[in-house]
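Visitor: predicted model, plus sequence, below.
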Amino acid sequence: MDRKNFIYKVGDEIIEEKEALKDLGVWMSSDCNFKEHIALTAKFGRRMSGWLLRTFKTRAPEHLLPLWKTLVVSKMEYACQLWSPHRINEIQELEQVQRVFVRRIDRDSNNYWERLKNLQLYSLQRRRERYIIIYAWKILEGTVPNPSPGDFRAQHHPRFGRTCARKAVSSCSQRIKTIQAESFFGAGPRLFNCLPRDIRDLKGVSTEAFKRRLDKFLTSLPDEPPIPHGPTSRGAASNSIIDQLQYLKCEQRCGSGGSPDWPW
């Protein structure tokens, strides 16, 4: 039977079907793509960054960046482990908010990627992936609840160290497989497992200690997010930590660059 023919009730009250519904601060789409939430998040970021620039005359990074991170970025990243986008246009829509803001406080460069370096900022895409990694590590450490203990789990190998395992989805449509692959349960293990072994094997340390070690590693990777009409000379297939790391490893193996200080 077609799902549209089903009627759901609580007692005698019919539950109305909606395309999107807000639950604990996140707009859940009926097709699991979070497009409403991403659009509203970008709209909020544009509005708040505009308010900051109108309210404060200073353009000094040491004054505006703490306000940006506290009042804008913290709200734009709420529950991003759940809804972090994988579509290029949605990544660009969110990244454009920060791009416009930093353009007003760093006029030494016309390149967004260079401005991120000058201001020692992560792109919003890199920040979301960082939070996914941290949450995956917390699950493996048992400091936060595991939504799927039978599937999302640690596995240990004498050669490769600790990795994060996730049961693969089978016997379903390609659309469902894509949703699963791009969800936290797909992206979390992929991002965690691409890290150097010394980070993956960190156990029994504080979250702050793990973050410091992770940040030391992430600052060694290029951060080149996709932006509309922006630079396109990225060597890696995408700005994802996975692709940037793979590209740098390939460069090292081919002897065409890289650094002797890479931590892998």
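Guide: Received it, and whenever you're ready, just let me know what you need. None of the values given here were measured: they were computed from a predicted structure. Numbers count the residues shown, from 1 in each chain.

Visitor: CA only for contacts and neighbour counts going forward, please
Guide: Fine.

Visitor: tabulate the CA atom coordinates of the lengthiest helix in the chain in CSV.
Guide: For the chain, the longest helix by residue count, based on DSSP state H, is helix 35-55. C-alpha atoms of helix 35-55 as CSV (Å, rounded to 0.1, in the frame of the first residue of the first chain):
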residue,chain,number,x,y,z
LYS,A,35,17.4,21.4,3.5
GLU,A,36,15.0,23.5,5.5
HIS,A,37,17.3,23.5,8.5
ILE,A,38,20.4,24.4,6.4
ALA,A,39,18.6,27.2,4.7
LEU,A,40,17.4,28.7,8.0
THR,A,41,20.8,28.3,9.5
ALA,A,42,22.4,30.2,6.7
LYS,A,43,19.7,32.9,7.0
PHE,A,44,20.3,33.2,10.7
GLY,A,45,24.1,33.5,10.1
ARG,A,46,23.6,36.3,7.5
ARG,A,47,21.3,38.2,9.8
MET,A,48,23.5,38.0,12.9
SER,A,49,26.8,38.7,11.1
GLY,A,50,25.1,41.8,9.6
TRP,A,51,24.0,42.9,13.0
LEU,A,52,27.5,42.5,14.4
LEU,A,53,29.0,44.6,11.6
ARG,A,54,26.3,47.3,12.0
THR,A,55,26.6,47.4,15.8
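
Visitor: quick one: the strands in the chain, in order.
Guide: Applying DSSP state E to the chain gives strands spanning 9-10, 13-14, 20-23, 26-29, 153-157, 161-165.

Visitor: ok, of those strands, where does mean pLDDT dip lowest?
Guide: Of all those, the minimum mean pLDDT falls on strand 9-10 (a mean of 81).

Visitor: quick one: strands adjacent to that strand?
Guide: strand 13-14 (antiparallel) (DSSP bridges).

Visitor: so what's the gap between the strand it pairs with and the chain middle?
Guide: Centroid separation for strand 13-14 versus its chain: 38 Å, with Cα atoms, centre = their mean, to the nearest Å.

Visitor: start at 787 instead
Guide: Taking 787 as the first residue, the last one we looked at is strand 799-800.
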